[in-house]
Each structure stands twice: as structure tokens, then as C-alpha cells.
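Q: fold the following.
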Amino acid sequence: MDRDVKGAESRVWIQVVIALLSLLGVMLVLFSTSKYGAGLSPDSMEYVAAARNLLAGDGYIQSNGQPFAHWPPLFPAILAAFGLVGFDLLIAVRLVNALAFGLIVFTSGQFFLKYIRFSPFALLGVFSIVLSPPLLYSASWGLSETIFTLLLVLFVPPMIRFLKTEQRFPFGVACALGALATLQRFIGATMIVVGAVTIVLYMRWIPLARRIKYALVLGVISAAPTLGWLARNYFLTSTFSGSRGASAYTLAQNISFTFQALTAWFVPSYNFLAESLGFLLPLLATTVILSLFFIRPKGFKKILSFLLVSEIFIAFYITFLVVSSTFIFYDKLSVSHRFFSPLYVFVMLLIFMSIENIANYLSHRRKLRVIWLMMALLWVVGLMQVGPVVLEQHQQGAGGYNSVFWQEKPVVEWLKTSPLPGTLYSNEHTAVYLFTQQVTHMIDELLTQTQLPAGDNYLVWFEEPFFFTSHLFELEEISSKFGLERVAEYSYATVYRLVPR
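A: Model prediction:
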């Protein structure tokens with residue numbers, strides 16, 4: 001009886017520690033975004049614009065007044081929900097991702113407790129999630145990966161429960177979470193495919209026809225909302241997800257970029273060491289797989305469903321991302337750590353499971369030494385990776401438009417305080433939308449016009465665009481079609497009034 005009481009008390013204290021680590025994660029995100037708010041990119045501003053237009057009753061509309069079609073609809077809807085209860089949308093971006101990161105840490109803690117038998121080692125795994133470079137980086141920006149990662153880690157438990165029990169309730173929950181994940185990011189479709197494949201491979205005690213039926217039902221229910229969204233996009237824009245440019249990189253380059261990005265999780269440099277040690281990733285992956293499948297831990301059958309779901313998902317997700325980025329333009333994979341951040345929880349859990357499996361052949365004392373060694377490595381590597389980034393974000397701003405580079409420019413202060421009634425154009429249109437809260441059109445929209453719209457028309461021209469490549473358009477192209485009258489001039493940007501020639 002006393003042993004049961006002590007065991008229950010121990011579990012309570014472990015949950016308290018996990019909750020505190022989750023709170024620490026929330027505080028780290030809030031600290032890194034405290035200067036100006038969450039990092040803002042053009043994609044971030046399109047999410048905010050869509051949410052703002054939803055609140056205004058205008059539907060999903062981008063910052064340039066066009067239909068919001070490049071992205072799925074869930075993230076703007078979440079921001080709009082916060083707006084309905086009184087939150088400023090830019091504050092909502094910061095809070096949503098901070099809370100989502102805390103929930104990721106807490107949910108991951110339940111994974112580690114379930115699949116790591118030695119509790120101190122499980123808590124060490126949770127600590128590795130708190131100091132996760134890609135997850136923290138993603139959470140500090142106003143982007144969709146953090147919510148997507150949360151939906152992913154929430155999807156796995158009901159999926160595994162269904163695989164083991166064939167119960168309808170967890171199956172329904174998994175379908176709903178799969179649908180939400182795909183409405184958050186289109187790559188959420190990989191979750192649906194992995195769930196369907198795992199059903200067919202794992203549930204061999206039921207007839208194949210029934211397994212295929214479940215797989216199809218999962219696919220139809222989870223994909224239906226996104227298919228409806230794509231149909232809406234096609235009706236409005238004649239494209240399923242907006243026009244997208246061709247990739248600038250080959251398959252071989254994208255594979256190399258992937259190795260660099262993933263290796264950067266484990267070494268205290270995003271550049272030289274990540275590039276130099278990329279060849280270690282296949283070795284690490286092979287070691288993890290061999291240790292879990294061939295040096296089988298106790299209760300192997302109980303963890304087999306998790307191994308199948310997580311490893312198939314990791315393989316399919318990376319393959320899909322690498323192949324698709326070879327045909328469609330993305331940011332460079334080696335510098336866009338956010339693309340791979342949804343994998344971090346599962347990669348780290350598999351690594352910890354593998355190490356514990358090998359450590360089981362050691363004495364208790366040696367096992368403790370392994371844990372202390374890993375704790376020291378996590379502190380050193382984690383702090384070397386995360387510490388400087390968090391401090392820099394705290395001091396210089398989280399990034400993008402919410403950074404000292406942008407916020408302290410005189411032209412930004414002018415845009416915030418000087419109304420420009422009329423139609424706006426810019427070669428950094430999402431920045432102008434942020435600082436003026438007015439619909440701002442892109443330069444290509446201006447150049448395709450034969451005459452200017454009625455009323456005043458303004459051009460905000462940045463000498464060195466931050467996100468949008470400067471070589472696409474030159475000021476001379478615009479001045480050859482329209483007259484330019486200076487309204488305000490600064491070292492970094494000039495505001496012109498556009499007049500007919």
C-alpha cells in the first residue's frame with residue numbers, strides 16, 4: 001500500500017515538473033518576443049491580413065486585397081478568434097504560438113513518460129524539447145508551424161489507441177485532428193497518408209478489406225475540409241493554392257540542405273559544423289532504428305505502433321518536403337529550420353528510446369552516469385544554440401519586420417504617423433501594410449495597369465527590399481509609365497505620389 005502511495009506521489013511530482021518545464025517554454029517564447037512582438041515575415045502579415053478581414057466581415061483577403069489562397073485557412077481563423085475577444089492581432093500571434101509551444105512541451109512530456117521507462121531520463125527528454133532550436137525559433141515567429149506541430153503531437157495518441165483497440169472515438173478524434181492539421185498547413189496531408197498506411201500495415205488481426213475501409217474513411221474525413229478550401233480557391237483565383245514559382249534548387253541540393261538543417265539541431269552552429277557533419281545523420285538514423293528493432297526492448301509490442309507511426313511519418317514528411325521543394329519555390333531548406341521543426345519531438349523521442357534501450361545493458365550506476373553525461377551535453381549544446389538566439393531576439397527584436405532593423409527606421413515612423421489616403425503600391429508591400437494598416441498592392445499589379453485608379457496613388461519604394469528580391473523590378477520601369485512626385489525621402493526608402501504621364 002505504501003509503495004502504491006509513493007508511486008502515485010512520484011507520478012504527481014513528475015507531472016508537476018513537466019508542467020513547470022512547459023511554463024518555462026512559454027516564458028522563453030514570451031521573452032524572445034518581448035521587444036516588438038513575434039517575428040513577422042510576409043507570410044505572417046498575410047495571416048494577420050486574412051484575420052483582420054475576417055473580423056471586418058470581408059472574408060479571407062490578403063494584404064493586397066486579393067483572395068487569401070496561398071495558405072490554408074486555420075491559422076487566420078485562430079487569430080480572428082482571439083481578435084473577437086479583444087486581443088490585438090499582432091499580440092494574438094505572439095500569445096498563440098507561446099501557448100502552443102507550452103502545450104507541445106507538455107504533450108511531449110506525456111510521450112516521454114509513456115515510452116521511456118526511467119523517469120529521470122524521460123524528464124531529460126522533455127528538457128530537450130524546451131531547448132529545441134527549431135521549435136523555439138518557429139514559436140518566436142508569426143508563422144503556422146507551431147500550431148501544426150501541436151496538432152501533430154495531439155494526433156498520434158488517438159491514432160495509436162485506435163490501432164490497438166479499433167475503438168471509434170479515438171478514430172474520430174484522429175480524423176478531426178488530421179483535418180485540422182491539413183487546414184493549418186497543406187503538408188498536413190502527410191499525416192493522413194501515414195495514418196492510412198499504418199492502419200493497413202499494423203492492424204493485421206482484422207480483415208484487409210476492413211483495414212482499407214478505415215484507411216479510406218480517415219482519408220476522406222480528414223481531407224474533405226481542405227478539398228473544399230481548394231475548390232474555393234479555384235473558383236476565386238483559377239488556381240488551387242495561388243500561383244507559385246519554380247524551385248531554384250535541384251534535388252541533390254535540397255538533400256544536402258536537409259542534412260545541414262537537421263544536423264544543426266545537434267551541433268552549436270547553423271553553418272560550418274552543420275555542413276561538415278551532415279554525413280552523420282544517416283549513421284545516427286541507422287543506429288536508432290537498429291537499436292529499437294533488433295535490440296528489442298522489453299514491451300516491444302507495446303511500442304511497435306508508435307515506432308511505425310513516427311518513423312513512417314518522419315520518412316514520408318522529409319521525402320515530400322525535399323521532392324516538392326525541387327519543383328516548387330520554397331525558402332532554402334538549410335536556413336528555414338521551421339520546415340523541419342514538426343519532426344523534432346519524434347526524432348528526439350526515438351533517440352532517447354534508443355539510448356535507454358542500449359543503456360539497459362549497463363549497471364544502474366553506469367546508467368546514471370550516461371544520464372548525467374547527456375544532461376551536461378544538453379545544457380552545453382542547448383544553451384550554445386538557444387541562448388544567443390533568444391538573447392539576440394530579446395535585444396534586437398524577434399526578426400523580420402519586428403526587428404530593430406525595421407522598427408527604428410525613420411521611414412517606418414513616418415508611415416505609422418502619416419496617413420496616405422488612396423491606393424498604395426510598394427516593392428515591400430507587406431511591410432507597408434503592417435505600418436499603415438492599409439491595403440498595399442505589389443509592383444507587378446501596378447505595371448500591368450494602363451491607367452491609375454481614381455483618387456490619389458502612392459508608391460513606397462525601398463532601396464533594398466528585405467524579403468522581396470530587388471532585381472524583379474526597377475524604379476525606372478515605373479517612371480517610364482507614370483510620373484513620380486516625391487512626398488517623403490529617407491536613406492532607406494522614398495514615398496512618391498503616382499501621377500499620369
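
Q: contact partners of stretch 84-103?
A: For stretch 84-103, the surrounding residues in contact (Cβ atoms under 8 Å, 6 or more residues apart in numbering) are 22-23, 25-26, 28-30, 33, 37-38, 40, 44, 47-48, 51-52, 55, 78-80, 82-83, 135-136, 138-143, 146-147, 149-150. (C-beta placed from N, C-alpha, C; glycine too.)

Q: list only buried entries from the residues you listed.
A: For the contacts of stretch 84-103, a burial check counting by 16 or more other Cβ atoms under 10 Å picks out 22, 25-26, 28-30, 33, 37-38, 40, 44, 47-48, 51-52, 55, 78-80, 82-83, 135-136, 138-143, 146-147, 149-150.

Q: mean confidence for stretch 479-490?
A: Averaging pLDDT along stretch 479-490 yields 95.

Q: in that stretch, what counts as buried?
A: Those would be Phe482, Val487, Ala488, for stretch 479-490 by 16+ other Cβ under 10 Å.

Q: in strands only, show me those residues.
A: By the criterion of DSSP state E, membership of those in strands covers Phe482, Val487, Ala488.

Q: OK, contacts around the last one?
A: In other words, Ala488. Ala488 touches Val411, Trp414, Ser418, Thr494, Val495, counting by Cβ under 8 Å, 6+ apart.

Q: output the lowest mean pLDDT helix or strand found in this protein.
A: Every helix and strand of the chain was ranked by mean pLDDT, DSSP states H and E. The lowest is helix 272-276, at a mean of 48.

Q: geometric centre of the protein: which residue is closest?
A: Per Cα atoms, centre = their mean, the C-alpha nearest to the average position across the chain is that of Glu145, at 1.6 Å.

Q: what sits against that one?
A: Here Glu145 is in contact with Ser138, Arg185, Arg338, Phe339, Ser341, Pro342 (Cβ under 8 Å, 6+ apart).

Q: hmm, 6 Å instead?
A: Glu145 is in contact with Ser138, Arg338, Ser341, counting by Cβ atoms under 6 Å, 6 or more residues apart in numbering.

Q: same question, Gln184
A: Pro72, Leu74, Ser144, Ile147, Phe148.

Q: SS state for the fourth one?
A: To tie it back to what came earlier, the one meant is Ile147. helix (DSSP: H, G, I helix; E, B strand; the rest coil).

Q: same check, this time on the first one
A: Per three-state DSSP, the local secondary structure of Pro72 is coil.

Q: point out where this protein drops to low pLDDT.
A: The model of the chain has pLDDT under 70 over residues 1-9, 268-301, 332-336, 362-365, 367-368, 371, 375-376, 378-379, 381, 468-472.

Q: any chance you could map the strands in it?
A: Using DSSP E, strands in the chain cover 423-426, 440-442, 457-462, 482-489, 493-500.

Q: direction included, what does the second one pair against?
A: Looking at strand 440-442 with DSSP bridges, its paired strands and their directions are strand 423-426 (parallel).

Q: same check on the last one?
A: In the sheet, strand 493-500 lines up against strand 457-462 (antiparallel), strand 482-489 (antiparallel) (DSSP bridges).

Q: want to throw those strands into CSV with distance to Val347?
A: Shown next, in CSV, are these (distance: least, Cβ to Cβ, whole Å):
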stretch, distance to Val347
strand 457-462, 39
strand 482-489, 50
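
Q: can you say which of the ones you listed is nearest to Met353?
A: Nearest to Met353, of all these, is strand 457-462, at 49.5 Å by Cβ to Cβ.

Q: which members of the contacts of Gln184 are the farthest-apart pair?
A: Pro72 and Ile147 (10.8 Å).

Q: burial count for Phe306?
A: Residues lying near Phe306 (other Cβ atoms under 10 Å) number 21.

Q: number of nearby residues for Ser247?
A: 16.

Q: now it: how far from Phe148?
A: In this structure, Ser247 and Phe148 are 22 Å apart, going by Cβ to Cβ, to the nearest Å.

Q: could you do Arg211 as well?
A: Using Cβ to Cβ, one gets 27 Å for the distance from Arg211 to Phe148.

Q: okay, stretch 37-54 in CSV with CA atoms only?
A: This file holds the C-alpha atoms of stretch 37-54, laid out as CSV (Å, rounded to 0.1, in the frame of the first residue of the first chain):
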residue,chain,number,x,y,z
GLY,A,37,6.3,41.1,-30.7
ALA,A,38,6.6,37.9,-32.7
GLY,A,39,8.9,37.9,-35.8
LEU,A,40,7.0,38.9,-38.9
SER,A,41,7.6,37.8,-42.4
PRO,A,42,5.4,38.4,-45.5
ASP,A,43,3.6,35.2,-44.8
SER,A,44,2.9,36.4,-41.2
MET,A,45,1.4,39.6,-42.5
GLU,A,46,-0.9,37.7,-44.9
TYR,A,47,-2.2,35.6,-41.9
VAL,A,48,-2.8,38.8,-40.0
ALA,A,49,-4.4,40.5,-43.0
ALA,A,50,-6.8,37.5,-43.5
ALA,A,51,-7.7,37.5,-39.8
ARG,A,52,-8.3,41.3,-39.9
ASN,A,53,-10.6,40.9,-42.9
LEU,A,54,-12.4,38.0,-41.3
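
Q: and that stretch, how far out from the chain's middle?
A: Stretch 37-54 sits 14 Å away from the centroid of its parent chain (Cα atoms, centre = their mean, to the nearest Å).

Q: neighbouring contacts of it?
A: Residues from elsewhere that reach stretch 37-54, judged by Cβ under 6 Å, 6+ apart: 60-63, 68, 75-76, 79-80, 89-90, 93-94, 140-142, 398-402, 430, 433-434, 467.
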